[in-house]
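Trainee: Here is my input, please return the structure:
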Amino acid sequence: TIIEGCDKSCAYCVVPFTRGPERSRTSESVMAEARRLADQGFGEIQLLGQNVNSYRDPSAAAWDFATLLARVAEVTGIRRVRYTTSHPRDFVKAIVEAMDRNPVLCDHVHLPVQSGSTRILGAMDRLYTRDEYLARIELLKTAKRPYSITTDIIVGFPGETEEDFQQTLDLLDRVQYDALFSFKYSPRPNTAALAMPDAVPDEEKQRRLAIVQEKQRGIQIRRNAERIGAVQEVLVEGRNQALGQWIGRTTDNHILNFTHSDPAAENLLGRYLAVRVTRSGPNSLVGESTSVV
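Mentor: Just a heads-up that it's a prediction; the model follows:
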């Protein structure tokens, strides 16, 4: 964790009430922890915060998030660096430039949009419009290497019309997310949305959620199928004994279940392997590996 709390005031969210205002750690303390983890043998670090890219170094060094991200990636022994969750308002070009410069920074960005409608984004107090969000997506789409993009969607926010909902579906088609987390709006104590009129009936929320999930399923089936035949580097995270497969994660945050032909490889946990993708599904990839990299 590099930053705690939140200074935003999204109309549906209790975090500002439960975790207080944003408080960033000093860059010195973050770097010291990263070096300590590397010395202990950890190869992957994830920088965490409710709005992780809002990080502002309170010390005299005054690093912003892009600077901290780049410096952590330079720690000897660290092979992968991830971060979550980003707020689109604070996702700037310097972050993408830092990622482009150093392949240790993983090829994945989680950028929650919540709605594809500018009107609903305003009601949510998200502090950006649909076009401003898409400008951030364009930074990633035109970057020097391909990035996997994931997001969060809320359906049925108070006042969301069918037209607003269709704009969310259109956004999914336009961005082509690699994965998303989708939810029905539910009221939370002390939030501004509690007092908003035009509540969407629960059955309508459920209908919209099912449509979003089915559309995204189709997108993921198509996008994952494009990976068949490619060789991916995975960090081995687990073992499925029933299927005789290892479970790995790619730098762009895809789960890749694979077999390994070396019978002497009794424990591959924590190892990096090159895996050729042979099959795909909506939520994961399947492959074969023979080499440790």
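
Trainee: which residues touch the residue nearest to the spatial centre of the chain?
Mentor: Centre of the chain computed as the mean C-alpha position; nearest residue by Cα atoms, centre = their mean is residue 110, 2.3 Å away. Neighbouring residues of residue 110 by Cβ atoms under 8 Å, 6 or more residues apart in numbering: 84, 85, 86, 149, 150, 151. Bear in mind the C-beta positions are built from the backbone N, C-alpha and C, glycine included.

Trainee: Show me what it is bridged to.
Mentor: Beta-bridge pairing for residue 110 (DSSP bridges): residue 150.

Trainee: Please shift the residue numbers so they start at 10 in all later answers.
Mentor: Let's use 10 as the start, then, which means that last one is residue 119.

Trainee: Would you check how far apart it and residue 160 are?
Mentor: Applying Cβ to Cβ, to the nearest Å, the value for residue 119 to residue 160 is 7 Å.

Trainee: Can you say which helix or strand has the spatially closest residue to residue 289 that is not a sequence neighbour in it?
Mentor: Nearest non-adjacent residue to residue 289, counting by Cβ to Cβ, 6 or more residues apart in numbering: residue 233, 3.8 Å away. Here residue 233, judged by DSSP states H and E, is contained in helix 211-234.

Trainee: Would you mark the buried spots in that helix?
Mentor: 213, 214, 217, 218, 220, 221, 224, 225, 228, 229, 232, 233 (16 or more other Cβ atoms under 10 Å).

Trainee: Let's see the pLDDT reported for the first one.
Mentor: By that I understand residue 213. Residue 213 carries a pLDDT value of 98.

Trainee: Give me the nearest residue to it, chain neighbours excluded.
Mentor: residue 165 (6.5 Å).

Trainee: In contact with that neighbour, which residues are there?
Mentor: Residue 165 neighbours (Cβ under 8 Å, 6+ apart): 193, 194, 209, 211, 213, 214, 217, 218.

Trainee: how far does stretch 204-224 sit from the chain's center?
Mentor: Here stretch 204-224 is found 23 Å from its chain centre; the criterion is Cα atoms, centre = their mean, to the nearest Å.

Trainee: Please list the residues outside it that contact it.
Mentor: Counting by Cβ under 8 Å, 6+ apart, 20, 132, 162, 164-169, 174, 177-178, 181-182, 189, 191-194 sit against stretch 204-224.

Trainee: Do a quick rundown of the strands in this protein.
Mentor: With DSSP state E as the criterion, the chain has strands at 12-13, 32-33, 53-57, 89-93, 117-119, 157-164, 188-193, 240-249, 254-259, 264-269, 281-289, 294-301.

Trainee: any idea which of those is most buried?
Mentor: strand 117-119 (a mean of 23; mean count of other Cβ atoms under 10 Å).

Trainee: Residue 71 and residue 77: what is the separation?
Mentor: Using Cβ to Cβ, residue 71 is found at 11 Å from residue 77.
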